[in-house]
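Trainee: Please find the sequence and the predicted model below.
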Amino acid sequence: MPDPAHFPVANGFASTNGAMHACGHDAHATIGVGLLHRLTERDFAGSLRILFQPAEEGVRGAQTMIDAGAADEIDHMLAVHMAGDMAVGGVVGSFTGGLATRKLKIDFVGKASHAAGTPEAGRNALLAASTSALGIMGLPRFSSADTRLNVGTLVAGDGVNIVPSSAEMTCEARASDDEVVEDLVDRIRAIAQGAGLAQGVQVSVAVMGQSATVAPDDEMIDRIVAVSTAHPDVTEVVRTQAFAGSDDANLPTRIPPHGSERTT
């Protein structure tokens, strides 16, 4: 049973089915729909587009929405987060920093053979993949940026006595600089292709998700801080706060409005 003292329960917006998504997407939807209802009751001079972004967890949704035109002809964009480490009533004008990222899926296709009877006839996809994993994790760090690398999954093979004919690996690269993350991806591709060549294995690399660094607009931050400070229910206002993760909402905020050169 919900705790009656829990703030959402006490204020009547707790889940009715006993479940929640703790990242705050339910709150995002509530904010968006609630804002639309309020604006329909008032003489709003401009136009507003509310975007409910899918697949945020894997940084896969924003680029798809951009490609579909969802961010076209937008002058100003706000991406909203729920800060679980802040008390109710706290507002942060904008995150800063953030890590650009690429989420990669690498497929290795070799040839199966009997490991004892005809080992020379096989092309070991698992060896190519595992060699790639070690190479990726051994990439040098950069003096110009913070970087992160991780091999998350590796699935391969069919049986203990069969040379593995296929392997699938997922990995990610992150950096505090957008050009550095592209360089890391190029190096990962080269490592995988080289390992595949050594084993006679075909290799394909696909980008499954991506994000850029945070590039906030100072003028918009000033507006958020001013409005938040004036609101009676806001108890704490922080202008900016460093962000160490990755968020693909950063991608549409970089779309220049109406063909201009603005990139924030």
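Mentor: Perfect, thanks for sending it. Numbering: from 1, shown residues only.

Trainee: isn't Gly152 right next to Cys171, touching?
Mentor: Yes: Gly152 lies in contact with Cys171 (Cβ atoms under 8 Å); the separation is 6.2 Å. For every residue, glycine as well, the C-beta is placed using N, CA and C.

Trainee: neighbour count winner among those two?
Mentor: Cys171 (23 against 10; other Cβ atoms under 10 Å).

Trainee: mind checking the backbone torsions on that one?
Mentor: When read as degrees, to the nearest 10, the backbone of Cys171 gives phi -150, psi 170.

Trainee: can you tell me which residues contact it?
Mentor: Lys103, Leu104, Ile106, Ala133, Ile136, Leu149, Asn150, Val151, Gly152, Ile188 (Cβ atoms under 8 Å, 6 or more residues apart in numbering).

Trainee: please redo it, this time with the cut-off set to 10 Å
Mentor: By Cβ atoms under 10 Å, 6 or more residues apart in numbering, the residues touching Cys171 are 102-106, 132-133, 136-137, 149-154, 185, 188, 192, 205.

Trainee: any idea how far it is from Met208?
Mentor: Cys171 sits 10 Å away from Met208, going by Cβ to Cβ, to the nearest Å.

Trainee: Touching both of these two, which residues are there?
Mentor: Shared contacts of Cys171 and Met208, counting by Cβ under 10 Å, 6+ apart, come down to Arg102, Lys103, Leu104, Lys105.

Trainee: any idea which helix or strand comes after the lowest-mean-pLDDT helix or strand in the chain?
Mentor: Ranked by mean pLDDT, DSSP states H and E, the weakest helix or strand in the chain is helix 7-10, scoring a mean of 78. Where DSSP states H and E defines the elements, the next helix or strand beyond helix 7-10 is helix 25-40.

Trainee: Show the average pLDDT along that following helix.
Mentor: The average pLDDT for helix 25-40 rounds to 86.

Trainee: Of the contacts of Cys171, which belong to strands?
Mentor: Cross-referencing those against strands under DSSP state E gives Arg102, Lys103, Leu104, Lys105, Ile106, Leu149, Asn150, Val151, Gly152, Thr153, Leu154, Val205.

Trainee: OK, contacts around the residue nearest to the spatial centre of the chain?
Mentor: The centre of the chain sits closest to Val59, judged by Cα atoms, centre = their mean, with a distance of 2.8 Å. Shown in contact with Val59 (Cβ under 10 Å, 6+ apart): 100-103, 172, 208-212, 245-251.

Trainee: Got the confidence number for it?
Mentor: The model's pLDDT for Val59 equals 83.
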